[in-house]
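In: any chance you could fold what I've pasted below:
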Amino acid sequence: MSSITLPSIEDKVLAGERLSFDEGMFLEEHVDTLTLGRLANIVRERKNGNFAYYNTNIHLNPTNVCVYRCTFCAFRSDLKSDKSYVFSDDMVRERVLEA
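Out: Next up is the predicted model:
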């Protein structure tokens, strides 16, 4: 069985070869973040050129009112509670535009 090394992984990345699970685990356990980012950037540039894409997600809860009383939930509230809230359609739109 061959030993996994950073140079052998770098060679595979430069050759456009897919890494094995064990090689991925080696990177996770033994390689610093900057080196991992450098290798990932090689793959990204090969696939996308000099373009980077990103995504912005929001977690929008238009209400915390819930009729279920799950024992593990600290989020829910009764409609008449001081802690409850229900967003109007305009409030939802405003939150989405803020994201």
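
In: buried ones in stretch 17-34?
Out: By neighbour count on 16 or more other C-beta atoms under 10 Å, the buried set for stretch 17-34 is 19, 23, 26-27. To be clear about C-beta, it is placed using only N, CA and C from the backbone, and glycine gets the same treatment.

In: right, and the pair among those with maximum separation?
Out: 19 and 26 (9.0 Å; C-beta to C-beta).

In: overlap in contacts, the two.
Out: residue 9 (C-beta atoms under 8 Å, 6 or more residues apart in numbering).

In: show the model's pLDDT score for the residue lying closest to residue 69 once chain neighbours are set aside.
Out: Closest residue in space to residue 69, ignoring its immediate chain neighbours: residue 76 at 7.6 Å, by C-beta to C-beta, 6 or more residues apart in numbering. At residue 76, the pLDDT value in this model is 90.

In: buried ones in the biggest helix by length in the chain, by neighbour count?
Out: For the chain, the helix with the greatest residue count under DSSP state H is helix 33-48. Residues residue 39 are the ones in helix 33-48 that count as buried (16+ other C-beta under 10 Å).
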